[in-house]
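Participant: Have a look; sequence and predicted model below, questions after that.
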Amino acid sequence: MLLKINYGLKLRRSTGFVESLFMLMSKSHLPIPDYRRLCRRQKSLLVDIGSRLARGENLSVRIDSTGLKVYGEGEWKVRKQGYLKRRTWQKLQLCMDLDTQEILRAELTGNDEDDASVGTKIFKGKTIHIDRFISDEAYDKFGFREFLGSDILQIIPPLKNAVIQKSSFESQSFIALGSFLTLKYCYLLRDCLFLTPVYHV
């Protein structure tokens, strides 16, 4: 399965690829799962992508959302009224470890939910395992910054129309992290690392 995912192969091609590798290694006598068996195993494969957040590791994480276009209509509606190319949107929130590019959490929501509120659900009870948090300006919300707390290094560029409150936690974070240009540079640099695994998803 790892070879299939890493090289973007179909199941039959993955089987042939492993067979050729075993022949080159003079290990052709070793059994290789056939296509039907791989299909059954792939269907029942369970992956706990949220386990590392609960392990007590000190992580540097990056979170972002992307839009998913959903097509499809019910059979009854198509039969009675015909087919129309209607579509809806959903948002996929991905949390990634910046060091390993491993996806730690994934959350699928409607397009009307706020990114910061979904981020609160994702990290609820798990902020003690995070050293550094990087995201875009969609997470620049007072409540979300307070939720993360002052122990986490927050690299979140502010909104264009953001106003710093002198007594707020946000202003203290801006002073600790430096100027807006420094934040923007860090954000763009880390964004390049984040786009690679998202593209493969």
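Facilitator: Arrived safely.

Participant: hey, which strand is longest across this structure?
Facilitator: strand 59-71 (DSSP state E).

Participant: Could I get the average pLDDT for that one?
Facilitator: The pLDDT scores in strand 59-71 average 83.

Participant: Can you list the helices and strands that it packs against?
Facilitator: Applying 3 or more C-beta pairs under 8 Å, 6 or more residues apart in numbering; DSSP states H and E, we find strand 59-71 packed against strand 87-97, strand 103-110, helix 115-122, strand 130-134, helix 180-200. (Glycine included, C-beta is placed from N, CA and C.)

Participant: Output the lowest mean pLDDT helix or strand found in the protein.
Facilitator: Sorting the helices and strands of the chain by mean pLDDT, DSSP states H and E puts helix 180-200 at the bottom, at a mean of 49.

Participant: How is this structure partitioned into domains?
Facilitator: Following automatic domain parsing, the chain resolves into domains at 2-43, 52-200.

Participant: which stretch in those has the least confidence?
Facilitator: domain 52-200 (a mean of 73).

Participant: can you count the residues close to residue 135?
Facilitator: 25 (other C-beta atoms under 10 Å).

Participant: Hmm, it is touching residue 65, no?
Facilitator: No: counting by C-beta atoms under 8 Å, residue 65 is not a contact partner of residue 135; they are 9.5 Å apart.

Participant: Return the distance of the residue lying closest to residue 115 once chain neighbours are set aside relative to residue 118.
Facilitator: Using C-beta to C-beta, 6 or more residues apart in numbering and skipping residues adjacent in sequence, the residue nearest residue 115 is residue 138, 4.1 Å away. Applying C-beta to C-beta, to the nearest Å, the value for residue 138 to residue 118 is 10 Å.

Participant: For these two, list the residues in contact with both.
Facilitator: residue 65 (C-beta atoms under 8 Å, 6 or more residues apart in numbering).

Participant: Looks to me like the residue nearest to residue 115 is in a helix.
Facilitator: Yes: assessed by DSSP: H, G, I helix; E, B strand; the rest coil, residue 138 belongs to a helix.

Participant: show me what contacts it?
Facilitator: 65, 115-116.

Participant: For the closest residue to residue 107 other than its chain neighbours, list the residues it contacts.
Facilitator: Using C-beta to C-beta, 6+ apart and skipping residues adjacent in sequence, the residue nearest residue 107 is residue 93, 4.3 Å away. Applying C-beta under 8 Å, 6+ apart, one finds that residue 93 lies in contact with 63-65, 105-109, 115, 118-119, 122.
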